[in-house]
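Visitor: sharing a model that was predicted from the sequence below.
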Amino acid sequence: MMITGCQYFGAEQTRGPYKVCGCTNLWPGKSYCDEHVWRVYQKNTAKGTSRKNKAIEREMADIKRLESIDHE
């Protein structure tokens, strides 16, 4: 099934049937429009923080690797 419209329905809707945004201007690779993508994928969420931590860990590993090369 290909998604052609924004799937955001908001936290204020607590009972179905849910009404989705339906905007067709989707964020690349996501099922939400420009307006709603950052409400769903908020900064400093658990997933965002874990990605940031993994990136920092990779950078630290690279630094350690480069330091070990410099000491040889």
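Guide: Here it is on my side, so go on. Predicted, not measured: the structure shown is a model, and the values here were computed from it.
Visitor: okay, CA-based contacts and neighbour counts for the rest of this
Guide: Will do.
Visitor: quick one, domains of the protein?
Guide: Per the record, the chain has its domains at 1-41, 43-70, by automatic domain parsing.
Visitor: just these: most buried one?
Guide: Mean neighbour count (mean count of other Cα atoms under 10 Å) peaks for domain 1-41 among the domains of the chain, with a mean of 13.
Visitor: mind naming the longest helix for this structure?
Guide: Of all the segments of type helix in the chain, defined by DSSP state H, the longest one is helix 46-70.
Visitor: weakest of the domains of the chain by average pLDDT?
Guide: Ranked by mean pLDDT, those bottom out at domain 43-70, which scores a mean of 77.
Visitor: distance between it and the chain's centre?
Guide: Computed by Cα atoms, centre = their mean, to the nearest Å, the chain-centroid distance of domain 43-70 equals 18 Å.
Visitor: do the same with stretch 31-43
Guide: Mean C-alpha position of stretch 31-43 versus that of the full chain (Cα atoms, centre = their mean) differs by 8 Å.
Visitor: CA atoms of that stretch as PDB?
Guide: What follows is the C-alpha trace of stretch 31-43 in PDB, where atoms were taken according to Å, rounded to 0.1, in the frame of the first residue of the first chain:
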ATOM      1  CA  SER A  31       4.300   9.500   5.800                       C
ATOM      2  CA  TYR A  32       3.800  13.000   7.200                       C
ATOM      3  CA  CYS A  33       3.700  16.500   5.600                       C
ATOM      4  CA  ASP A  34       6.200  19.300   6.400                       C
ATOM      5  CA  GLU A  35       3.900  20.700   9.100                       C
ATOM      6  CA  HIS A  36       3.500  17.500  11.000                       C
ATOM      7  CA  VAL A  37       6.800  15.600  10.500                       C
ATOM      8  CA  TRP A  38       8.400  17.400  13.400                       C
ATOM      9  CA  ARG A  39       5.500  16.800  15.700                       C
ATOM     10  CA  VAL A  40       5.900  13.100  15.200                       C
ATOM     11  CA  TYR A  41       9.700  13.000  15.100                       C
ATOM     12  CA  GLN A  42      10.500  15.500  17.800                       C
ATOM     13  CA  LYS A  43      14.000  16.500  18.700                       C
END
